[in-house]
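Asks: Predicted model and sequence below, questions to follow.
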Amino acid sequence: MTALEPVAEDWQKALAVVAHPDDLEFGGAAAIARWTGQGKEIVYVLLTSGEAGIDGVAPAESGPLREAEQIESARIVGVDQVEFLGQPDGTIEYGVALRRLITAAIRRHRPEIVITNNFRETWDGDVTLNQADHIATGRATLDAARDAANRWIFPDAGERWDGVRQVWAGGSPQSRHGVDTTDTFELGVDSLRAHRAYIEGLNWPHFDPAEFLEGISRQAGTALGTQFATSFEVFTV
């Protein structure tokens, strides 16, 4: 990983838009904890309830279970507002309808920073494939940040909001920025552990949230010059 520059922290409100419960916790929750600890306001918007994410649990049961885990996970890192937009887990489609949905969320919450997940084709810039929902969500979020500022695009999706300064895609292989999460690393681990049913449903008997997060956070920290960090690809709107 190339050297990382610190992200800007002179903002007060951010909106995190991701596809599934657990998406933020696999690397980004420690950063969220840092910012809420600074008194910043962060809102989570989940496009799906992750209902197709546990092989042994039917979607009708899995969705509410995963919503509850996400709400608790968010609480651990200081986020008390979590929205679920009811999109179909596993089959999110990039397009005008998705852009409108996310534009409405941006106009509703009026953030300065919008956070989403990596939407490049891979996680490592090479062979570790990303998931289709992540790609569609991130692309649509980037577009929606621009759409939200244009009064003539989606006029039925709320009053225009041109206050988004940047969109940050966490964990992108093209990251050039990062944030120090050394002091909040353990909160990030606890936030991931809150997704207990999902982790158990993965059938990864030796999966250790602390070990997993330490691996990616230490690598990013080395690039930033800290013990632990979260990396972001930054887009200026």
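Replies: Received, thanks. Residues are numbered from 1 along each chain as shown.

Asks: For the protein, which helix or strand comes out least confident on mean pLDDT?
Replies: Across the helices and strands of the chain, mean confidence by mean pLDDT, DSSP states H and E is lowest for helix 196-201: a mean of 93.

Asks: and the next element down the chain from that one?
Replies: On the C-terminal side of helix 196-201, the closest following helix or strand by DSSP states H and E is helix 209-224.

Asks: Can you list the residue ranges for strands in the protein?
Replies: 5-6, 13-18, 41-46, 82-84, 113-117, 166-170, 177-180, 229-236 (DSSP state E).

Asks: Can you give me the distance of the residue of the chain most remote from its centre to residue 142?
Replies: The centre of the chain is farthest from one residue, residue 152, which by Cα atoms, centre = their mean lies 27.9 Å away. The gap separating residue 152 from residue 142 is 19 Å, by Cβ to Cβ, to the nearest Å. C-beta here means a position set from N, CA and C on the backbone, and glycine is covered the same way.

Asks: quick one, helices of the chain?
Replies: Ranges of helices in the chain, per DSSP state H, are 29-37, 59-76, 96-109, 132-147, 185-193, 196-201, 209-224.

Asks: Stretch 153-160: end-to-end distance?
Replies: 9 Å (Cα to Cα, to the nearest Å).

Asks: Other residues contacting it?
Replies: 99, 100, 103, 104, 107, 108, 147, 148, 149, 150, 151 (Cβ atoms under 8 Å, 6 or more residues apart in numbering).

Asks: and of the residues you listed, the nearest to residue 63?
Replies: Nearest to residue 63 among those, counting by Cβ to Cβ, is residue 104 at 21.4 Å.

Asks: check contacts around that closest one.
Replies: Taking Cβ under 8 Å, 6+ apart, we find residue 104 in contact with 154, 157, 158.

Asks: 7 Å instead?
Replies: Going by Cβ atoms under 7 Å, 6 or more residues apart in numbering, residue 104 touches 157, 158.

Asks: thought residue 45 was touching residue 15?
Replies: Yes - taking Cβ atoms under 7 Å as the definition, residue 45 is a contact partner of residue 15 at 6.4 Å.

Asks: what sits in contact with each of those two?
Replies: The overlap between the contact sets of residue 45 and residue 15 (Cβ under 7 Å, 6+ apart) consists of residue 105.

Asks: Determine how far stretch 94-111 lies from the middle of the whole chain.
Replies: Computed by Cα atoms, centre = their mean, to the nearest Å, the chain-centroid distance of stretch 94-111 equals 15 Å.

Asks: same question, stretch 205-218
Replies: The chain centre lies 18 Å from the centre of stretch 205-218; the measure is Cα atoms, centre = their mean.

Asks: Which positions in stretch 5-17 come out as buried?
Replies: For stretch 5-17, burial by neighbour count (16 or more other Cβ atoms under 10 Å) applies to 7, 11, 14, 15, 16, 17.

Asks: ugh, wrong one, I meant stretch 131-150
Replies: Neighbour counts using 16+ other Cβ under 10 Å place 131, 133-149 of stretch 131-150 among the buried residues.
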